[in-house]
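Novice: Just need the structure, nothing else, for what follows:
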Amino acid sequence: MRWWWDAPILISPHSHTRLYFGSQFLFRSDDRGDTWKAISPDLSRQMDRNQLPVMGKTWTPEAVSKNLGTSFYGEIVAIAESPVQEGLLYVGTDDGLVQVSSDGGKTWKKHETFPGVPNRSFVARIVASSHDVNTVYAAFENHKEGDFRPYLLKSRDQGNTWTSIASNLPKRGSVLAFAEDPVDPDLLFAGTEFGLYFSIDRGKSWIRLTGDFPVISVHDLTIQKRASDLVVASFGRGFYILDDIAALRHLNPQDLEADSVLFPVRKAPLYIESMRLGLPGKSFMGASFFTDPNPPFGATFTYYLKDKLLTRKERRKKAEEEAVKAGKTPPYPTDAQLHAEAQETPPALFFTVSDSSGKAIRQIPAANAPGFHRATWDLRYPALTLPLHPSSPEEEIFGAGNHGPLVMPGTYTVTLSQQVDGVIKQIAGPQSFEVYSLGGRAMSPDDHAALAHFQLQVAHLNGAVNGAIETSRDLDSRLGIIRRALEQAPGEYAGLIAQADTIQNSNSAILRKLTGDSVLSEHGEPVTESIADRVGTIMEDERMSSSSPSSTDRQSYELASQQLTQVLAQLRALMEGDLANLQKAMQAAGAPWTPGTIPNWPQE
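Specialist: The predicted structure is shown next:
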């Protein structure tokens, strides 16, 4: 019995309990591999490898390592069964044969020569079309003869005649793997010794898939039908997944000539992401615990941009280069041009997501670079609190993150726009897509609406609380500067210092209500729950919730809202009244300038 190192095994597309396995014979099992029977004769050329010339001669048994570390010869290395017709079997061998049986292995038809393919080339892959019973693809490779040219053929008559579809594949790079899209018969994938390629015209032309995919030897390809994901296996035992190839199904040559294209968007499942180890990623499991990131959560937008949007400076430099190539001297830019270049806001691309009513609810930045790109919306409203201070890695891991509440299930639309010289222009879309609840069937639409509405209310409240805290802290900083200004003033400012002390004390009381009593907390004394703590508790409850808000959270929201209303009124009186009056009096008395005021000039 002769077995190839990677002896092929195949699960029948017509029965999940039926397996095929190849040596020089084709074996079949109908009980998941418990028992096997041969359904073919020896399907190889049945040649004696010891009689084959190596380096121009045949060798004796004493030749160094003659048959050590080498495979046997005359073995099945590729198997396929037509997904369209049960029992239509294709077998490829390492000595260059394609054998075909249309009756489940009872009879076989041998094909041993193929147009443009050297005799006895290794059959790297056979793939029977899932769209047409008569169509089959075969990839050959001939590296044992020092030949790395791509050989990829197609037959439309079950292997009787063949035509090459290698077309513009690089002349150096054996084809080792192949896949046909189960939805679009025009979409093909080829894995070569030096990378991955796709065709949108049944092999008439090929485009290399790059992005962050490395230059590696691609040894296997398969398409996960449910998710429309392309799974790639490399020689280095690595796996790569191209999530959602649906965009390639909609691609046509005209798209590549368009300035921009926004492709259809796959349905986006709405759920609460779990943290199986207690924290994101591998948590505390250490570097030896292998994990790999999931696809990004949310709705993924795929787009094509023909050319990068250039800045004024980039356009000028490009024009200068073209002038030099034409033998001309480019004009030197004017002062106004240089100022315009320095002050320009760089061109940008962004997505706009709108709800079913047409209301824009989120903007997502997009890459400004030629080619295919993706961006993902996390199915959330925008965060209503901007991070004013950089967070530490620990805060990012343990914190809830700076993001808005989840949207409701429903239909949404997305458009792609550009902003150039302050002018916003829609350049692609709209594309409609569905956001659906995953595992939330018990929750009624009314409950979903109530949850989304409450979470938006809490988000607005949290934004107002954080704004009040930052305003109070900013007031505290300004009062410090005011104190230094009064200390350096040449006159008698005791009354003004007393006013500053009063404002300081009032602001400290406001800050305690907002963030808590840090003095008593440091001494281990019980303190009243601050507004920020109360709102933070509500947000933590709701962040991982997919059910209606609890009565406790609703009551806490009402209480925090009332407390904040009072605090904001006090803070506004301090800022707009007491502080403004103090700084006005300081200016009149000739004190140094302090932030928040416009200097008096000319002096009276």
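Novice: For residue 239, give me its contacts.
Specialist: 231-233 (Cβ atoms under 8 Å, 6 or more residues apart in numbering). (C-beta placed from N, C-alpha, C; glycine too.)
Novice: Spell out the residue ranges of the strands in the stretch 1-150 of the chain.
Specialist: For the stretch 1-150 of the chain, strands defined by DSSP state E, counting those that start in this stretch occupy the ranges 9-11, 19-22, 26-29, 37-38, 76-81, 89-93, 98-101, 109-111, 122-128, 136-142, 147-155.
Novice: winner for burial among these?
Specialist: strand 89-93 (a mean of 26; mean count of other Cβ atoms under 10 Å).
Novice: Residue 362: neighbour count?
Specialist: Counted with other Cβ atoms under 10 Å, residues neighbouring residue 362 total 19.
Novice: er, residue 428 actually
Specialist: The burial count for residue 428: 22, using other Cβ under 10 Å.
Novice: Enumerate the beta-bridge partners assigned to it.
Specialist: residue 416 (DSSP bridges).
Novice: what stretches of the protein score poorly on pLDDT?
Specialist: In the predicted model of the chain, residues 386-402, 440-443, 490-492, 544, 603-604 satisfy pLDDT under 70.
Novice: which helix is the longest one in it?
Specialist: Across the chain, the helix with the greatest residue count (assigned by DSSP state H) is helix 445-487.
Novice: Which residues outside stretch 67-80 are in contact with it?
Specialist: 2-10, 20, 22-26, 42-47, 49, 52, 89-95, 122-128, 136, 138.
Novice: Tell me which residues touch residue 328, please.
Specialist: So residue 328 contacts nothing (Cβ under 8 Å, 6+ apart).
Novice: Next: residue 512.
Specialist: 518, 530.
Novice: For residue 345, pull up the helix or strand it's in.
Specialist: Using DSSP states H and E, residue 345 maps to neither a helix nor a strand.
Novice: Run a quick neighbour tally on it.
Specialist: 10.
Novice: cool, and the one 10 residues further on?
Specialist: Using other Cβ under 10 Å as the criterion, residue 355 is surrounded by 16 other residues.
Novice: I'd say it and residue 432 touch.
Specialist: No - the criterion here is Cβ atoms under 8 Å, and residue 355 misses it with residue 432 at 11.3 Å.
Novice: Tell me where this structure has helices.
Specialist: 246-249, 253-257, 312-325, 335-343, 393-398, 445-487, 494-515, 518-522, 531-543, 551-573, 580-588.
Novice: and residue 346, how far is that from residue 331?
Specialist: To residue 331, residue 346 is 23 Å away according to Cβ to Cβ, to the nearest Å.
Novice: what's near enough to touch residue 431?
Specialist: So residue 431 contacts 262-265, 301, 413-415 (Cβ under 8 Å, 6+ apart).
Novice: The residues you listed in strands, which ones?
Specialist: 262, 301, 413-415 (DSSP state E).
Novice: and those, which are buried?
Specialist: Among the ones in strands among the contacts of residue 431, those scoring as buried are 262, 301, 413-415 (criterion: 16 or more other Cβ atoms under 10 Å).
Novice: State the number of residues packed around the closest residue to residue 452 other than its chain neighbours.
Specialist: In space, and not counting its chain neighbours, residue 452 is closest to residue 408: 4.6 Å by Cβ to Cβ, 6 or more residues apart in numbering. A count of nearby residues for residue 408, using other Cβ under 10 Å, gives 18.
Novice: Report the contact partners of residue 408.
Specialist: 435, 448-449, 452.
Novice: list the contacts for residue 430?
Specialist: So residue 430 contacts 354, 413-415 (Cβ under 8 Å, 6+ apart).
Novice: I'd like the distance between it and residue 274.
Specialist: Distance from residue 430 to residue 274, by Cβ to Cβ: 32 Å.
Novice: Number of residues surrounding residue 359?
Specialist: So residue 359, with other Cβ under 10 Å, has 7 neighbours.
Novice: What of residue 498?
Specialist: The burial count for residue 498: 10, using other Cβ under 10 Å.
Novice: List the contacts of it.
Specialist: No contacts exist for residue 498 under Cβ under 8 Å, 6+ apart.
Novice: my guess is residue 105 meets residue 28, correct?
Specialist: Yes - with contacts defined as Cβ under 8 Å, residue 105 counts as touching residue 28 at a distance of 6.9 Å.
Novice: so what sits against both of these two?
Specialist: With Cβ under 8 Å, 6+ apart, residue 105 and residue 28 have common neighbours residue 39.
Novice: hang on, the earlier thing: looking at the ones in strands among the contacts of residue 431, which one is closest to residue 514?
Specialist: Checking the ones in strands among the contacts of residue 431 against residue 514 with Cβ to Cβ, the nearest one is residue 414 at 37.9 Å.
Novice: Hmm, the closest one is touching residue 302, no?
Specialist: No - counting by Cβ under 8 Å, residue 414 does not reach residue 302; the two are 10.6 Å apart.
Novice: quick one: common contacting residues for these two?
Specialist: 262, 265.
Novice: looking at the sheet around the closest residue to residue 40 other than its chain neighbours, what are its partners?
Specialist: Distance criterion Cβ to Cβ, 6+ apart; nearest residue to residue 40, sequence neighbours excluded, is residue 26 at 4.1 Å. Taking DSSP bridges as the rule, residue 26 bridges to residue 22.
Novice: List the buried residues for stretch 591-604?
Specialist: 591, 594.
Novice: circling back: PyMOL command for the buried members of the contacts of residue 239?
Specialist: In PyMOL, a selection of the buried entries from the contacts of residue 239 looks like this (16+ other Cβ under 10 Å):
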select buried, resi 232+233
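Novice: quick one: residue 549 from residue 361, how far?
Specialist: According to Cβ to Cβ, residue 549 stands 20 Å off from residue 361.
Novice: With neighbour numbers in mind, choose between the two.
Specialist: It is residue 549, of residue 549 and residue 361, that has more neighbours when counted by other Cβ under 10 Å, with 20 against 16.
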